[in-house]
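Asks: generate a structure from the sequence data that follows.
(one chain, ligands or ions: 1)
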Amino acid sequence: MSLLTVSDLAAGYGQIGILRDVALTVDKGEILGVLGHNGMGKSTLLKALSGAIPVTRGAIVFEGLDVAREPPFRRARRGLGYVPQGRQIFPALTVRENMEYAARAAAQPLEIVDDMIARFPRLTPILDRAGGVLSGGEQQILALARCLCGRPSLVLLDEPTEGIQPSIRDEIVETLLRLRRSLGLSILLVEQNVKFMGDLADRVLHMEKGRLSAAATPEIAAMA
Ligand SMILES: Nc1ncnc2c1ncn2[C@@H]1O[C@H](COP(=O)(O)OP(=O)(O)OP(=O)(O)O)[C@@H](O)[C@H]1O
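Replies: Next up, the predicted model:
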C-alpha cells in the first residue's frame, strides 16, 4: 500500500478552480517530483495536500486514512510535513527557537531539536542567530530541519532551490538523500529546476494548467 494516494482531487481559491483530476501516489521512502512552469498549480497542489487550502473534491489517503477534510494541524500530527515556498521562517526567533517551536507544536519531546541539529551541521554555528538575518540557503535548510522536528513520514517540499546558489543546492540534494536513507523519509517535491529534480527524484510527474501527467517533456526525457 502506498503511503499517500491522491485521487480525483480538485482545489482552488474561492470560485477559481486550479487543480483538476489530480491523482498520484507516493510510496514509503520514495522521492516523487512534480515539475512545471510558473503558475501551473504546483504550490496549490502542496497547499491542498497540507490543508492550507480546502479541497473541493477527491481523496487524500495518507497511511490508510482519508485526511482531505482534516485541518492542517491534524494532518501534520499524522506525519504529513510541509515546507512552503518562501520557507516562512519566524524572523524574530533564533534558529534553535524556530525548531523548538515546531517540536512543541507537534507535541514532540525537545530532544528532537538536538537530534535534528546533529543531522544539519550547517546550523550548529548559527543556532543563536535570528531567522530573519539568515541567507536564503540557510533559511531553506532551517525550514527543512524545523519541519523534521515534527517527525513527519512524508515531507511536502515546495521549490527548495528558489533563490539558492548551486553549492547549497548540492548540499540540499545530499541532505535529502541522506535523510531518506537514515529516516526512511518520503518526499513529494515540486520544482522548476530540472537538474535538481534529476539528481533527486525517483519518479517525475509533469503539471500543466492544474493537471498532472506522466513526464513527457523533452527536458524530463533527457534526464532519464
Ligand atoms: N491566493 C490565490 N488566490 C487566487 N489565485 C491564486 C492564489 N494563489 C495562486 N493563485 C493562482 O493559482 C495558479 C497556480 O498557482 P501556483 O502558485 O500553484 O503555481 P506554481 O506552479 O506553484 O507556480 P510558481 O512556480 O510560480 O510558484 C496561478 O494561476 C495563480 O495565479
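
Asks: the one residue sitting closest to the centre of the chain in helix, strand or coil?
Replies: Closest to where the C-alpha atoms of the chain average out (C-alpha atoms, centre = their mean) is Leu157, at 1.8 Å. At Leu157, secondary structure determined by DSSP: H, G, I helix; E, B strand; the rest coil is strand.

Asks: also Tyr82?
Replies: strand.

Asks: next, count neighbours for the closest residue to it other than its chain neighbours.
Replies: Distance criterion C-beta to C-beta, 6 or more residues apart in numbering; nearest residue to Tyr82, sequence neighbours excluded, is Ser50 at 3.9 Å. Where you see a C-beta, it was placed from the backbone N, CA and C, and this is true even at glycine. Neighbour count for Ser50, taken as other C-beta atoms under 10 Å: 20.

Asks: equivalent analysis for Val194, please.
Replies: Neighbour tally, Val194, other C-beta under 10 Å: 16.

Asks: hang on, it packs against Leu35?
Replies: Yes - with contact defined as C-beta atoms under 8 Å, Val194 reaches Leu35; the gap is 6.6 Å.

Asks: sorry, back to before: residues touching the residue nearest to Tyr82, list them.
Replies: By C-beta atoms under 8 Å, 6 or more residues apart in numbering, Ser50 lies in contact with Pro72, Arg75, Ala76, Leu80, Tyr82, Pro84, Leu156.

Asks: so can I have a markdown table of those residues showing neighbour count and pLDDT?
Replies: Shown next, in a markdown table, are the contacts of Ser50 (neighbours: other C-beta atoms under 10 Å; pLDDT from 0 to 100):
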| residue | neighbour count | pLDDT |
| --- | --- | --- |
| Pro72 | 15 | 95 |
| Arg75 | 22 | 96 |
| Ala76 | 21 | 94 |
| Leu80 | 26 | 97 |
| Tyr82 | 24 | 96 |
| Pro84 | 17 | 94 |
| Leu156 | 25 | 97 |
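
Asks: nearest to the ligand among the residues you listed?
Replies: Distance to the ligand, by C-beta to the nearest ligand atom, is smallest for Pro84 among those, at 10.5 Å.

Asks: ok, the closest one - contacts?
Replies: Listed by C-beta under 8 Å, 6+ apart, the contact partners of Pro84 are Ser43, Leu46, Lys47, Ser50, Ala52, Asp158.

Asks: try 6 Å this time
Replies: When contacts are counted by C-beta atoms under 6 Å, 6 or more residues apart in numbering, Pro84 is found next to Asp158.

Asks: same check, this time on Gln139
Replies: Arg87, Ile89.

Asks: going forward, count from 685.
Replies: All set: I'll call the first residue 685, so the last point we hit is now Gln823.

Asks: distance from the chain centre to the strand or helix carrying it, please.
Replies: Element membership for Gln823, per DSSP states H and E: helix 820-832. Computed by C-alpha atoms, centre = their mean, to the nearest Å, the chain-centroid distance of helix 820-832 equals 11 Å.
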